[in-house]
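S.K.: Take a look and give me a structure for this.
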Amino acid sequence: MTRGLWVPVLAAVFAAGPALGAAAPLPYRLAVEVRWGAGGGPEAFRDDVARALADAFTGRCYAAAAESGANEAEMPPADLRLVVGLSALKEQLRFLDSVATSLQPGDPAKELRRVAVFDVTVDGTLSTAANAAPVQTKHFVVSLSRQPIIPGEDPQATARTLAVEQIVDDLGKVMCKSTEKLDKKIKAALAAADGLPPPR
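M.R.: So this is what the prediction gives:
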């Protein structure tokens with residue numbers, strides 16, 4: 001499955017899934033920046049993570065969210081910035097059959113005996129846009145595997161889609177919550193950025 005085919009799958013997942021923010025969105029504008037760290041990785045995956053985060057966070061936990069340098073120009077200057085670092089990417093396609101057996105033609109079921117393995121380390125930092133006063137951080141590793149269910153399925157593309165979904169979900173648990181506690185931390189960080197005492 002190519003990138004053009006699995007991006008709509010992501011849109012369907014987020015449209016059908018529960019809202020990440022249960023209450024009314026917090027009144028802040030968020031810029032989302034996703035970058036590769038050690039080892040690098042495919043730009044298509046990085047782009048899809050950034051787009052999925054901006055789409056999922058807009059209207060659910062923040063008034064607006066946009067990809068840094070892209071849709072960000074279409075809204076007023078951001079109040080907050082979410083920087084997500086991706087690193088230590090490991091992507092493999094393993095065969096459950098022996099090498100000799102897997103190379104023999106004639107058995108359509110062979111493609112069902114492949115397993116795509118996908119691992120990536122994620123470091124997320126939510127801070128003020130003005131001078132990077134910290135609000136929240138989150139470090140985790142996405143580690144998953146995918147075996148085709150039907151002939152013709154691309155397990156590697158499916159694994160990437162599931163990885164994007166997990167990144168959005170895990171970051172949403174700490175960065176995308178319409179709660180008084182998070183709002184208080186944001187206000188304190190914004191006050192610090194302006195050189196003001198924290199609000200009571």
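S.K.: Which of the three states applies to residue 141?
M.R.: strand (DSSP: H, G, I helix; E, B strand; the rest coil).
S.K.: Okay, helices next: where are they in this protein?
M.R.: Ranges of helices within the chain are 3-16, 43-57, 99-102, 155-175, 180-193, based on DSSP state H.
S.K.: closest one to residue 91 among these?
M.R.: Proximity to residue 91 (CB to CB) singles out helix 155-175 among those, at 6.9 Å. Yep, even glycine has a C-beta here, placed from its N, CA and C like the rest.
S.K.: how about that closest one: buried residues?
M.R.: 155-168, 170-172, 175 (16 or more other CB atoms under 10 Å).
S.K.: which intervals of the protein have sub-threshold pLDDT?
M.R.: Residue ranges of the chain with pLDDT under 70: 1-22, 70-75, 96-113, 149-150, 193-200.
S.K.: Assess the claim that residue 77 and residue 30 are in contact.
M.R.: No: look at residue 77 against residue 30 with CB atoms under 8 Å: they stay out of range, at 11.4 Å.
S.K.: Those two: which is more packed in?
M.R.: residue 30 (27 against 9; other CB atoms under 10 Å).
S.K.: Any idea what that one is bridged to?
M.R.: With DSSP bridges applied, residue 30 shows beta-bridge pairing to residue 65, residue 80.
S.K.: That one and residue 179: what is the separation?
M.R.: Applying CB to CB, to the nearest Å, the value for residue 30 to residue 179 is 16 Å.
S.K.: how near is the residue nearest to residue 118 when sequence neighbours are not counted to residue 66?
M.R.: Take residue 118 and drop its neighbours on the chain: the residue closest to it by CB to CB, 6 or more residues apart in numbering is residue 159, 4.1 Å away. Noted for residue 159: a distance of 27 Å to residue 66, by CB to CB.
S.K.: again, but for residue 36
M.R.: In this view, residue 36 and residue 66 are 20 Å apart by CB to CB.
S.K.: Between these two, tell me which one has more neighbours.
M.R.: Higher neighbour count among residue 36 and residue 66: residue 66, with 22 against 16, using other CB under 10 Å.
S.K.: Make sure that one is actually in contact with residue 54.
M.R.: Yes: using CB under 8 Å, residue 66 is in contact with residue 54, at 5.4 Å.
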